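[1] The sequence and its predicted three-dimensional model are supplied below.
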Amino acid sequence: MSTPDAPRSLAEALRASDDATLVALLRSRPDLVSPVPNDLTQLATRAGTRASVVRALERLDRFAQQVAEALAVASEPASYEELAGLLAPAPGEAVDRALTTLRRQALVWGTESRLRLVRTARELLAPAPQRPSPTGLGPTVAEATAGMSPGRVQSVVAAAGLASTHDAVSAVESLTELFTDQTRMSQLLDGAPAESVEVLSRLVWGPPYGQVTADPAPHLRWLLDRGLLLPTAPGTVVLPREAALHLRGGRAHRVLEPVPPVVEVAREHRPQVVDATAAGQAYTALATVEELLKDWDEGGPAVLRAGGLSVRDLKRTAVALDAAEPQAAFWVELAYAAGLLAADGEADERYAATPAYDSWQELPAAQRWARLATAWYEATRTPGLVGGRDSKDRTLSALGPGLDRSAAPEVRHRVLALLAELPEGAAPAEESVLDRLRWERPSGGGATELRARLARWTLSEAELLGVTGRGALAAHGRVLLAGGGGQPSAPGGAQPGGAPAERAAAAAEAARRLAPLLPDPLDHVLLQADLTAVAPGPLRRPLADALAVLADVESKGGATVYRFTPGSVRRALDAGQSASDLHAFLAAHSRTPVPQPLAYLIDDVARRHGHLRVGAASAYVRCDDEGVLDEILADKRAQGLRLRRLAATVLAAQADPGTLLDGLRAMGFAPAAESAEGDVLITRAHSHRTPPRTAPEPVPDGPPLPDATLIDAAVRAIRAGDLASTAPRKEAPAVTGDLPRTTSAETLATMQAAVLTGEALWIGYVNAEGAASQRVIAPVRVEGGFVTAYDHTADEVRTYPLHRVTGVAELADD
């Protein structure tokens, strides 16, 4: 029998709890809030549904799961002492902590003398022939003998040395008492053959099922006769749970894990070294993203029909970025997650930078990094999957569908949080991080493997992005983590997020911490006699853009080396610059004198630039020097252009002007395009931009985490609804079903009386959609076919049409 104050159901246990307990429940199990339950009975029912319980169990840490598994094989209800015995030798503090977690998630309820696991969780975790228990235990004696004949049960009792009984039920109880009595069970096993003991030792830790023939060996017959092995199907026997627990010394698990594994320190560095290394990598990340989008500035690769980037285009991007293909996929996905690139939506759809990229470029370097890091931290898209296969054996491509993994933000949050718990400058051992994550979320199967892969990718991506340096979390990375919000409901249950204002403040603070560590942009280069220029650091944007037109990047690193070539100088002249402009530009931005070879190169290319003019005929070439045209006609490389002389200074071609320009340049000439009026055409690169695009939304892992305001409102609504459904009522004139039923006249009279007396009433109400509900209201005014009242259920003043009120009843005085 239950004690007078012991709850009889989960609903009663929730009803007796305070608001803080309900808030913790709704925060740890957000699926219970959508939609908000009408009352506590409905909340308890929803908390016991299979889908919700499975989700809650999957989010428990390893020891909390072991406690739930122990309760599933304990008696119903179980005392705290019985549970502690099943979990020996786990410390009492760990058991209490796990029980608190299970109570907070409404998986366990009752007093310490009558602990109950919710029925659905017990069904999921209890042993069954189709689903072995995680503890390795089998069914109880009563469950295993349910289909056994009474005569067979009596023979087992007699072989075990017990007195015969009048019925099978008492016989099963007698056998159960024997198996749970330590002294008598030890005496029974002392007389067992050695082979029988060996069989029991193989079954004791599971699986508890074995196979026997129709004519079992004597040592097996000894076990079968005494009920130490019970038949469950033809040829199949099982070790009863009570016998297994005796052989185990009363323990439910072979190995308990009450304490989380420690994250080990692999290396230690000075925090200043970590921050400087991370800042250097952050600068490299910014340069890489800028280089990627500059490479796609005039329109990037085509979008595959199924969406995403082709394997060939990803390889080309990797070559352009001088990175491995997995890293190239990461940079592409990072720019996409930050909203800096997208598909342009044209008929021949291509990837291109978005307008947001232009505004992003105007930000200071530290703020640009903070935007990239925040986008990475919250994104559910997982670049590490690129190149793998989906469930239909299709290749997963960068920027394509199928890359979202809802667990990714939570895993990133936990990995960085574990790094933040280490001393500053300490880098963890990767395997110890993975062991900790497995303890915090031992889901098993593919989910555990995915979380391990996500954790490895997080560590490598954080290093690439500059969140960590030399494997340790940098100072600006710690600040970024602090803005992740997260409401940890249990180890491994934290969800990144936080309010937008908190995330923005954390990003701003991370940028402020990073800014002093980034190199200041320079306004100069060092010109050298071998036709190169060295930029000893990042250049200011106007200088970098101009130099990118005038020279080609030869190498990158701490310093960027640019090389001047005839082709690069011609490119600058094509863009409208003159030789004098180029000389003045180099003199103004070089800390060294302009080398004579470079000056000669510029003057030589400028002298020949535009000497040949190409226009549209289909195309023509004109030149004041007839000898140059003779040279072109005599060159075998010009045969493909199909040139013919129209006049002494004019050649006509059957190729278009662009092809003609490229052909002449390949032959070593420096032609210039001209318009129909004879003016030189200045060619500048056209920046292609998509229409305005928003960054991709993360795919949440289940229902979104409700904020504090929503949870508080939900708790008030549930309490009010529970008051309406459980308030004592006076007997109504006619009550059918759940809603009160009264005539229109009786409803009107009762409402008017309540206005005068100020009493609260219980009403039934049907809304415009036909949904029926019950409410507790305090009428304030009745007129024009409407009643205005304070609705205790909704906790606000509302107006209801009287014709939608099914009936009314007065509440009992108590």
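    That came through fine.

[2] Show me what the helix or strand Ala370 falls within is in contact with.
    Under the assignment given by DSSP states H and E, the secondary-structure element containing Ala370 is helix 365-378. Helix 365-378 has contacts (C-beta atoms under 8 Å, 6 or more residues apart in numbering) with 282-283, 285-286, 289, 334, 337-339, 360-361, 363, 409, 412-413, 461, 465-467, 477, 480, 484, 496-497, 503, 507-508, 510-512, 514-515, 518, 521, 538, 695, 698. From N, CA and C alone the C-beta is placed, and that goes for glycine too.

[3] switch to 6 Å and redo it
    Residues outside helix 365-378 that contact it (C-beta atoms under 6 Å, 6 or more residues apart in numbering) are 282, 286, 334, 337-338, 360, 409, 412, 465, 480, 507, 510-511, 514-515, 518, 698.

[4] And for stretch 718-729?
    For stretch 718-729, the external contacting residues (C-beta under 6 Å, 6+ apart) are 37-40, 43, 762, 774-776, 792-793, 795, 809, 811-812.

[5] So which residues of the stretch 51-200 of the chain form helices?
    Read by DSSP state H, counting those that start in this stretch, the stretch 51-200 of the chain holds these helices, from start to end of the chain: 62-73, 80-86, 92-104, 119-125, 141-144, 150-159, 168-180, 182-190, 194-203.

[6] closest to Val549 out of these?
    With C-beta to C-beta as the criterion, Val549 lies closest to helix 62-73 of those, at 59.7 Å.

[7] who does the closest one touch, helix- and strand-wise?
    Judged by 3 or more C-beta pairs under 6 Å, 6 or more residues apart in numbering; DSSP states H and E, the packing partners of helix 62-73 are helix 92-104, helix 119-125.

[8] For the first one, which residues meet the burial criterion?
    Going back to what we said before, that points to helix 92-104. Buried residues in helix 92-104, counting neighbours by 16 or more other C-beta atoms under 10 Å, are found at 94-95, 97-99, 101-104.

[9] One more: stretch 550-567?
    550-551, 560-562, 564, 566.

[10] Pull the residues that contact it.
    531-536, 547, 568, 572, 598, 605.

[11] Tell me which entries of the buried residues of stretch 550-567 lie within helices.
    Using DSSP state H, the members of the buried residues of stretch 550-567 that fall within helices are 550, 566.

[12] okay, who's weakest in the buried residues of stretch 550-567 by pLDDT?
    Scanning those for pLDDT, the low point is Thr560. It has 86.

[13] Who does that residue form a beta bridge with?
    The partner list for Thr560 in beta bridges (DSSP bridges) reads Ala535.

[14] how close does it get to Pro538?
    With the distance defined as C-beta to C-beta, to the nearest Å, Thr560 ends up 9 Å from Pro538.

[15] what do those two both touch?
    Counting by C-beta under 6 Å, 6+ apart, no residue touches both Thr560 and Pro538.

[16] Using PDB, write out every CA atom in stretch 647-667.
    Presented in PDB, the C-alpha positions along stretch 647-667 are these (Å, rounded to 0.1, in the frame of the first residue of the first chain):
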ATOM      1  CA  ALA A 647      43.800  47.500 -97.300                       C
ATOM      2  CA  ALA A 648      47.400  48.200 -96.700                       C
ATOM      3  CA  THR A 649      46.800  48.800 -93.000                       C
ATOM      4  CA  VAL A 650      43.700  46.600 -92.400                       C
ATOM      5  CA  LEU A 651      43.200  42.800 -92.100                       C
ATOM      6  CA  ALA A 652      39.800  41.100 -91.900                       C
ATOM      7  CA  ALA A 653      39.100  37.900 -90.000                       C
ATOM      8  CA  GLN A 654      36.300  35.400 -89.900                       C
ATOM      9  CA  ALA A 655      36.700  35.000 -86.100                       C
ATOM     10  CA  ASP A 656      34.900  37.200 -83.500                       C
ATOM     11  CA  PRO A 657      36.800  40.100 -81.900                       C
ATOM     12  CA  GLY A 658      37.400  38.200 -78.700                       C
ATOM     13  CA  THR A 659      38.900  35.200 -80.400                       C
ATOM     14  CA  LEU A 660      41.000  37.400 -82.600                       C
ATOM     15  CA  LEU A 661      42.300  39.300 -79.500                       C
ATOM     16  CA  ASP A 662      43.200  36.100 -77.800                       C
ATOM     17  CA  GLY A 663      44.900  34.700 -80.900                       C
ATOM     18  CA  LEU A 664      47.100  37.800 -81.500                       C
ATOM     19  CA  ARG A 665      48.100  38.000 -77.800                       C
ATOM     20  CA  ALA A 666      49.100  34.300 -78.000                       C
ATOM     21  CA  MET A 667      51.400  35.300 -80.900                       C
END
